[in-house]
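> coords please:
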Amino acid sequence: MRKVITFLSLSLIFTSLVSAQEETEKQVEGSFNKWSIDLNAGLSKPTAPFSPNYYASNTNFIHGDLGLRYMLNSKFGLKLDFGLDSFKNKSESFEFDGKYFRTDLQGVINLGRVLNFEEWTNTVNLQAHTGLGFSFMTNDKFDGNDDMTNFILGLTAQFRLSNRIALNADFTMVNNVNQTYTFDGMNDPSVVSDRGFNGTLYNASIGFSFYLGKNEKHADWFIPRNKQLDELEARVAELETMMNDTDRDGVPDYLDAEPNTITGVAVDTKGRAVDMNKNGIPDEIEKYIENVKGGSNTNVNNSTNQSVEDLINGGYINVYFDTNSSKPIPSSYAAIQFVTQYLKSNSNASVEVIGYADEVGTSEYNDKLSSARAAFVKDVIVKAGIDASRLVETGKGEDNSVENSAYSRKLVRRVTFKLK
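Numbers count the residues shown, from 1 in each chain. Coordinates of the predicted model:
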């Protein structure tokens, strides 16, 4: 049975090292501390072999171990440690006094990260450790040392006190190979003839892990990101961006030949406003003009554009603003687009951009705000391709033509246009 356990322990070490490499490739490189010093003290209990009428005390309080641990990543690591155990006889046993010294190289599995403890706690962790080493025993019943090899297997519970220190509670089993003497110091022929796993002792201890390094967290508590998940999230984000529809015409931006179409205007499959008569005015706008004019002028074309001029000069096309803001509300960019399209279709036309403010605030402040609103709208039209010499900006200050209420003030915080 002990040979099976040893085989499984060795397999676990090998698997851990291989998995550590694979896990490192999967994880995004993170900044975490890898080194720690593990210091523990507690009880020691050897169980076999013993001579007849010899028994070890259950309260051998002298056990200590000191380890230097290096984590390859957040799940797997290696530890070099040194241990000391001192044990004596029970009161009903013949007397003996022995000491046991060992050093081991162990593989460490950070079970808290493997089992995703972070989903329910960030202060409790669990680690498994196993490995091989050299040990020797001394006893008042024989001279010199009883040299042997050992394999070790243990489980450590951790409780994070801070990013620099954790409290540990450990339970460990040590099996000896080629042990010559019994733990009470007798040279037993049956022990000598059994060159297999012929000695076992247990340790129960508490102690601390002291984390070394300049980073905020140690690998014991670091939660890495997954490269594959990050790549998938990036692809989803890219698709979401591609599917954005800024002008809400039903055509995604990456397919939209005119990503700033006026809201509500019919578009073709490439997002271009439908303009059957090729006069530069979307058909939906022409239809709207006809409705506004009561059908008195149904012939909107490039030769006169009378209805369009009346619509602009009559105050039907306005850009609106929030309180104390010189930037238009999002839905008002359609009005800027309308005027811009008109100017592109009529190269000899020019326009006065007139800004207004409501009555909230001082007159001096509102004069500056109305001018700033007109300047902003003018700048947008210029950046859309219209020569600045064709636009004149004017700040008219307060418009007190409406009742001074929160709703009516929304109507006068605006920029309007006059064609020249």
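> what secondary structure does Asn400 sit in?
coil (DSSP: H, G, I helix; E, B strand; the rest coil).
> what about the chain, any weak spots by pLDDT?
Along the chain, segments meeting pLDDT under 70 span 1-30, 195-196, 226, 246-247, 259-264, 278-281, 284, 286-307.
> Looking at the record's assignment, how would you partition it?
2-231, 246-419 (automatic domain parsing).
> quick one, which of those domains is nearest to Leu239?
domain 246-419 (9.9 Å; C-beta to C-beta). The C-beta positions use only the backbone N, C-alpha and C, and glycine is treated the same way.
> what helices or strands is the helix or strand hosting Thr103 leaning on?
Taking DSSP states H and E as the definition, Thr103 sits inside strand 97-110. Other elements packing on strand 97-110 under the criterion 3 or more C-beta pairs under 8 Å, 6 or more residues apart in numbering; DSSP states H and E are helix 2-26, strand 35-48, strand 60-71, strand 76-88, strand 124-139, strand 142-160.
> Distance-wise, check the nearest residue to Thr172 once chain neighbours are set aside relative to Gly42.
Spatial nearest neighbour of Thr172, excluding adjacent residues (C-beta to C-beta, 6 or more residues apart in numbering): Gly154 at 3.3 Å. Gly154 sits 12 Å away from Gly42, taking C-beta to C-beta, to the nearest Å as the criterion.
> Name the residues contacting each of these two.
Common contacts of Gly154 and Gly42 (C-beta atoms under 8 Å, 6 or more residues apart in numbering): Asp170, Asn203.
> re the thing from before, and of the helices and strands packed on strand 97-110, who's closest to Ile336?
Closest among those, once you apply C-beta to C-beta, is helix 2-26, at 50.0 Å.
> gap between the two ends of stretch 186-205?
Length of stretch 186-205, first residue to last, C-alpha to C-alpha, to the nearest Å: 28 Å.
> Can you point out the buried residues in that stretch?
Met186, Asp188, Val191, Phe197, Asn198, Gly199, Thr200, Leu201, Tyr202, Asn203, Ser205 (16 or more other C-beta atoms under 10 Å).
> And the strands in the stretch 301-420 of the chain?
319-320, 351-357, 391-398, 414-419 (DSSP state E, counting those that start in this stretch).
> what are the pairing partners of the longest one, and which direction each?
Read that as strand 391-398. strand 351-357 (parallel) (DSSP bridges).
> Run the angle between the partner strand and strand 414-419 for me.
160 degrees (axes from the mean of the first three to the mean of the last three C-alpha atoms, to 10 degrees).
> picking that back up, pipe the helices and strands packed on strand 97-110 into CSV and attach mean neighbour count and distance to Val267 per row.
Formatted as CSV, the helices and strands packed on strand 97-110 follow (neighbours: other C-beta atoms under 10 Å; distance: least, C-beta to C-beta, whole Å):
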stretch, mean neighbour count, distance to Val267
helix 2-26, 14, 45
strand 35-48, 19, 62
strand 60-71, 18, 57
strand 76-88, 20, 57
strand 124-139, 20, 58
strand 142-160, 18, 58
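> To Leu229, which of these lies closest?
Per C-beta to C-beta, nearest to Leu229 of those: helix 2-26, 9.4 Å.
> ok, back up a step: of the buried residues of stretch 186-205, which belong to helices?
Using DSSP state H, the members of the buried residues of stretch 186-205 that fall in helices are Val191.
> Quickly name whichever of the buried residues of stretch 186-205 is closest to Phe159.
Ser205 (14.4 Å).
> and the closest residue to Ser401 other than its chain neighbours, what is it in contact with?
Distance criterion C-beta to C-beta, 6+ apart; nearest residue to Ser401, sequence neighbours excluded, is Val412 at 6.9 Å. Val412 makes contacts with Tyr356, Ala357, Asp358, Glu398, Asp399, Asn400, Ser401, Val402, as judged by C-beta under 8 Å, 6+ apart.
> can you count the residues close to the nearest residue to Lys418 once chain neighbours are set aside?
Distances taken as C-beta to C-beta, 6+ apart place Glu352 nearest to Lys418, at 4.3 Å, with adjacent residues excluded. Per other C-beta atoms under 10 Å, the neighbour tally for Glu352 reads 16.
> Kindly report the same for Ser350.
Around Ser350 there are 15 residues (other C-beta under 10 Å).
> ok so, going back, could you dump the domains of the chain to a markdown table with distance to Leu239?
Below are the domains of the chain laid out as a markdown table (distance: least, C-beta to C-beta, whole Å):
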| stretch | distance to Leu239 |
| --- | --- |
| domain 2-231 | 13 |
| domain 246-419 | 10 |
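> between those, which gets nearest to Ala237?
The nearest among those, by C-beta to C-beta, is domain 2-231 at 10.4 Å.
> Let's see stretch 219-226 as CSV, backbone CA atoms only.
The C-alpha trace of stretch 219-226 is given here as CSV (Å, rounded to 0.1, in the frame of the first residue of the first chain):
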residue,chain,number,x,y,z
ALA,A,219,0.8,33.5,-6.2
ASP,A,220,-1.1,31.8,-3.4
TRP,A,221,-3.8,34.4,-3.6
PHE,A,222,-3.3,35.8,-7.1
ILE,A,223,-6.2,35.3,-9.5
PRO,A,224,-4.8,35.2,-13.1
ARG,A,225,-6.7,36.1,-16.2
ASN,A,226,-7.0,33.5,-18.9
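> what's in contact with it?
26-28, 30, 32-34, 36, 71, 73-74, 77, 110, 112-113, 118, 122, 125, 127, 158, 160, 163, 166, 209, 211.
> again, but for stretch 181-200
Under C-beta under 8 Å, 6+ apart, the answer for stretch 181-200 is 2-3, 6, 46-51, 54, 56, 87, 89, 93-94, 96, 98, 137, 139-142, 146, 148, 173-180, 201.
> Swap in 6 Å and give it another go.
2, 46-51, 54, 96, 98, 139, 141-142, 146, 175-180 (C-beta atoms under 6 Å, 6 or more residues apart in numbering).
> coming back round to it: which ones among the buried residues of stretch 186-205 lie within strands?
Phe197, Asn198, Gly199, Thr200, Leu201, Tyr202, Asn203, Ser205 (DSSP state E).
> Among those residues, which pair sits farthest apart?
For these, the farthest-apart pair by C-beta to C-beta is Asn198 and Ser205; their separation is 24.2 Å.
> Give me the neighbour count for Ala349.
18.
> roughly how far apart are it and Gln341?
In terms of C-beta to C-beta, Ala349 sits 11 Å off from Gln341.
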